[in-house]
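K.L.:
fold the following, please.
(chains A, B, C and D)
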There are 2 protein chains.
Amino acid sequence: MNISTKTEYAVRALTELAINSTDKPVSINDICKNQNLPVKYIEQLFRKLKQNGLVKSVHGAKGGYQLALKIHNISLKDIMEAVDENYVAPFCNGNAEEHVHCIGLPCGFKELWDEINEHTENYFDSIKLDQIVARL
Amino acid sequence: MNISTKTEYAVRALTELAINSTDKPVSINDICKNQNLPVKYIEQLFRKLKQNGLVKSVHGAKGGYQLALKIHNISLKDIMEAVDENYVAPFCNGNAEEHVHCIGLPCGFKELWDEINEHTENYFDSIKLDQIVARL
DNA sequence: GGATAACATATTAAATTAGTATGAATTGGC
DNA sequence: GCCAATTCATACTAATTTAATATGTTATCC
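P.N.:
As a prediction, this is how the structure comes out:
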């Protein structure tokens, strides 16, 4: 149970966008200089962030990225889901055929995993980018 | 961010101990038969659980494992910490020398990671084995 | 047209995961 | 005392994941 490097990097990088929230896009290069992050790796993360609608991009020279949403509408959960796909693990959906160790039906642990998933999702969704930025 | 197979297995296995909570120890073999788990892997997990004081063991024939604590005194956090060492990730302790990407001191993100760690620790510590068993 | 920067895909080295293999030490029952 | 059952201990392994790097293409500004 831990927060991945991907999530950490994405938070750091998006924070840069939030801080430089003028109308001009910020390039990956600038982001990585400020946060000391590997450029090519961050490029990959930003493509995922874009696919998930968290950022928008401007091509070509003087191009770069901008937040696609207001900073109070981007949660840590959003970021984790974007870069880290399936960030919580509901091992068992109650269906023995899809989970080797569940011999009987229904699986008695499903309720537990579901509850954990719901709790952690809600928690990470409650942490918004503006709060993160505010505490820097 | 997910719950590991180790934790899942440990929960399932400890649940078996909790259910068969007579004075007789339960063997790894029986546990694994009931929960359909890999014997040798569970052996390893139980050694860790023992090192962490969650279970006690009886050597030799008719031996096996028993819970070392009352089931309301064993939390999901205890289990995770035992089998999954460092189950939360405080990437940055505020010290740049120990975290490559923190250029400046103090690291502005430390507070965030600390808060997440504390929250998730408290949450998993609030889930006790008796509650898990009760809902099976 | 050249520099800048996003976009895309392939590769890679190291670490982690989820086991398996082998064997030693300990105990209960016959 | 021996045998089976069982914990205990360590080493190995195959597959996956992680955290990148490498190479190149496409789009845009000046």
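
K.L.:
longest helix of chain A?
P.N.:
Of all segments of type helix in chain A, defined using DSSP state H, the longest is helix A:110-126.

K.L.:
so how far is it off the chain centroid?
P.N.:
16 Å (C-alpha atoms, centre = their mean, to the nearest Å).

K.L.:
same question for stretch A:15-30.
P.N.:
Worked out by C-alpha atoms, centre = their mean, stretch A:15-30 lies 17 Å from the chain centre.

K.L.:
what of stretch A:117-128?
P.N.:
That offset, for stretch A:117-128, works out to 12 Å (C-alpha atoms, centre = their mean).

K.L.:
pull that stretch out as CSV, backbone CA atoms only.
P.N.:
The C-alpha atoms that make up stretch A:117-128 are tabulated as CSV, following Å, rounded to 0.1, in the frame of the first residue of the first chain:
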residue,chain,number,x,y,z
ASN,A,117,-11.9,1.0,-2.0
GLU,A,118,-14.8,3.3,-1.4
HIS,A,119,-13.2,4.9,1.6
THR,A,120,-9.8,5.5,0.0
GLU,A,121,-11.4,6.8,-3.2
ASN,A,122,-13.4,9.3,-1.2
TYR,A,123,-10.4,10.3,0.8
PHE,A,124,-8.2,11.0,-2.2
ASP,A,125,-11.0,12.7,-4.0
SER,A,126,-11.3,15.1,-1.1
ILE,A,127,-7.7,16.3,-1.6
LYS,A,128,-7.8,19.0,-4.3
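
K.L.:
check whether it contacts chain B.
P.N.:
Yes. Contact between stretch A:117-128 and chain B, assessed by C-beta under 8 Å from any C-beta of the partner chain, occurs at A:119, A:120, A:123, A:124, A:127. For glycine as for every other residue, the C-beta is placed from the backbone atoms N, C-alpha and C.

K.L.:
what helix or strand is the residue lying closest to residue A:116 once chain neighbours are set aside on?
P.N.:
Leaving aside its sequence neighbours, residue A:116 sits nearest to residue B:3 (C-beta to C-beta, 6 or more residues apart in numbering or on different chains; 6.8 Å). For residue B:3, there is no enclosing helix or strand under DSSP states H and E.

K.L.:
give me the number of residues near residue A:18?
P.N.:
18 (other C-beta atoms under 10 Å in any protein chain shown).

K.L.:
hmm, I typed the wrong one, I wanted residue A:39.
P.N.:
12.

K.L.:
just residue A:19 next, same as before
P.N.:
Other residues close to residue A:19 by other C-beta under 10 Å number 13.

K.L.:
other SSEs contacting the longest helix of chain A?
P.N.:
helix A:76-83, helix B:110-126 (3 or more C-beta pairs under 8 Å, 6 or more residues apart in numbering or on different chains; DSSP states H and E).

K.L.:
coming back round to it: make JSON lines out of the residues of stretch A:117-128 next to chain B and add distance to DNA strand D and pLDDT.
P.N.:
JSON lines is the format used below for those (distance: C-beta to the nearest atom of the strand, whole Å; pLDDT from 0 to 100):
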{"residue": "A:119", "distance to DNA strand D": "21", "pLDDT": "92"}
{"residue": "A:120", "distance to DNA strand D": "16", "pLDDT": "91"}
{"residue": "A:123", "distance to DNA strand D": "20", "pLDDT": "95"}
{"residue": "A:124", "distance to DNA strand D": "16", "pLDDT": "94"}
{"residue": "A:127", "distance to DNA strand D": "20", "pLDDT": "97"}
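
K.L.:
now do the same for residue A:65: helix, strand or coil?
P.N.:
strand (DSSP: H, G, I helix; E, B strand; the rest coil).

K.L.:
now for it: which residues touch it?
P.N.:
By C-beta atoms under 8 Å, 6 or more residues apart in numbering or on different chains, residue A:65 lies in contact with A:17, A:25-28, A:31, A:46, A:49-50, A:55-58.

K.L.:
buried stuff in stretch A:2-10?
P.N.:
Under the neighbour-count criterion of 16 or more other C-beta atoms under 10 Å in any protein chain shown, stretch A:2-10 has A:2, A:3, A:4, A:6, A:7, A:8, A:9, A:10 buried.
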